[in-house]
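Student: can't give you the sequence, but here's the structure:
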């Protein structure tokens with residue numbers, strides 16, 4: 001019914017949001033690996049600097065600038081990812097509340113249908129008894 005269709009839509013949306021969150025997490029991990037690689041490059045350049053300070057100094061400064069720029073980018077992306085995850089979590093809570101409300105309404109409807117079925121059965125039984133008693137009084 002309509003409740004099942006709504007539940008399927010909610011489940012599809014939950015799966016979609018989960019995929020988005022996984023994608024954001026993968027992207028953040030890739031950026032962290034890239035940052036680690038640049039930091040390793042800086043360490044390597046620092047080792048070269050110890051051997052030949054005059055030649056490596058410029059490259060070291062360049063690498064440090066790259067690391068700083070990448071760190072700033074990672075921080076900005078992490079903040080964006082955190083905000084996106086917060087919004088998705090909030091939307092998930094809203095969807096869960098909507099689903100719970102719809103399930104309660106569906107349950108209430110089922111109880112009402114059950115009560116109506118009981119009333120119909122009682123009326124049919126009463127009508128059957130009247131028909132029998134009317135037939136015996138006519139004789």
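Tutor: Yep, it's here. For clarity, every value in this text was computed on a predicted model and none was experimentally measured. Numbering: from 1, shown residues only.

Student: which helices and strands does the top helix by length along the chain pack with?
Tutor: In the chain, taking DSSP state H as the definition, the longest helix is helix 53-138. Using 3 or more Cβ pairs under 8 Å, 6 or more residues apart in numbering; DSSP states H and E, the elements in contact with helix 53-138 are helix 2-51. Heads up, the C-betas are built off the backbone N, CA and C, glycines and all.

Student: so what secondary structure elements neighbour the helix it packs on?
Tutor: Counting by 3+ Cβ pairs under 8 Å, 6+ apart, helix 2-51 packs on helix 53-138.

Student: can you state the direction angle for the helix it packs on and helix 2-51?
Tutor: 170 degrees (axes from the mean of the first three to the mean of the last three Cα atoms, to 10 degrees).

Student: just how off-centre is helix 53-138 within its chain?
Tutor: 9 Å (Cα atoms, centre = their mean, to the nearest Å).

Student: Likewise for stretch 3-21?
Tutor: 8 Å.

Student: Any buried residues in that stretch, and which?
Tutor: 10, 14, 17, 21 (16 or more other Cβ atoms under 10 Å).

Student: swap in stretch 59-74?
Tutor: Under 16+ other Cβ under 10 Å, the buried positions of stretch 59-74 are 60, 63, 70, 74.

Student: hang on, the first one packs against residue 47?
Tutor: Same thing as residue 60. No: using Cβ atoms under 8 Å, residue 60 is not in contact with residue 47; the gap is 10.1 Å.
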